[in-house]
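Q: only geometry, no sequence info:
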Ligand SMILES: Nc1c(NC[C@H](O)[C@H](O)[C@H](O)CO)[nH]c(=O)[nH]c1=O
Ligand SMILES: CC(=O)[C@@H](O)COP(=O)(O)O
């Protein structure tokens with residue numbers, strides 16, 4: 001319900017430090033591509049709008065959100081990357097497959113961040129419906145990609 005009361009992309013510009021020399025990796029799940037491409041556009045635009053250089057942002061795709069953890073690790077282990085943003089959309093189906101994917105990717109991304117001691121951001125939508133996804137990927141509830149990018153920037157300014 002909380003989401004319906006606010007635009008998730010509204011954020012304070014406090015603690016936004018200079019990121020002109022920071023290097024970002026963005027991992028994008030190919031499942032629900034229409035949604036994840038919107039998340040990617042939001043993240044990319046937000047990073048650049050806050051001072052990141054386009055040449056310092058690298059994108060890699062993975063088949064699905066379950067693979068975001070490993071894709072994120074392959075970027076997080078690189079010394080030339082300061083922060084990783086993982087973008088995906090897991091939509092509830094008929095079975096518990098949704099639960100297993102969401103749980104695995106949330107824990108996996110957390111483990112990568114702690115292992116490599118750098119921001120690895122959980123930018124994964126977990127809606128019940130496709131409309132809920134659209135609403136959070138550039139719709140009435142903002143763009144989770146924007147939010148993930150701001151989170152990465154703020155963590156780099158910790
Ligand atoms: N149903 C969704 C998936 N399923 C695929 C998994 O993420 C994974 O690629 C597969 O289980 C092989 O390991 N992925 C999403 O990102 N979103 C979905 O709605
Ligand atoms: C989240 C999923 O993997 C989902 O698309 C699978 O759908 P279902 O549970 O109906 O097999």
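A: That came through fine. Everything quoted here is computed from the prediction, not taken from an experiment. Ligands and ions are numbered 1, 2, ... in the order given.
Q: Next up, phi/psi of whichever residue of the chain sits closest to ligand 1, please.
A: Residue nearest to ligand 1 within the chain: residue 64 (2.2 Å; C-beta to the nearest ligand atom). For the C-beta atoms, the positions are set from N, CA and C on the backbone; glycine is no exception. The phi/psi pair for residue 64 (degrees, to the nearest 10) reads phi -150, psi 170.
Q: What of residue 155?
A: Main-chain dihedrals, residue 155, degrees, to the nearest 10: phi -70, psi -30.
Q: residues touching it, list them.
A: Listed by C-beta atoms under 8 Å, 6 or more residues apart in numbering, the contact partners of residue 155 are 83, 119, 121.
Q: same thing but at 6 Å, please
A: Contacts for residue 155 were tallied using C-beta atoms under 6 Å, 6 or more residues apart in numbering; they are residue 119.
Q: Against ligand 2, how distant is it?
A: Residue 155 sits 28 Å away from ligand 2, going by C-beta to the nearest ligand atom, to the nearest Å.
Q: Over to residue 121?
A: Counting by C-beta to the nearest ligand atom, the gap between residue 121 and ligand 2 amounts to 21 Å.
Q: Hmm, that residue is touching residue 150, no?
A: No - assessed by C-beta atoms under 6 Å, residue 121 is found out of contact with residue 150, at 9.4 Å.
Q: Among these two, which residue is more densely surrounded?
A: Neighbour count, other C-beta atoms under 10 Å: between residue 121 and residue 150, residue 121 has more, with 26 against 21.
Q: Same question for stretch 121-135: list its buried residues.
A: Using 16 or more other C-beta atoms under 10 Å as the test for burial, stretch 121-135 gives 121, 122, 123, 124, 125, 126, 127, 132, 133, 134, 135.
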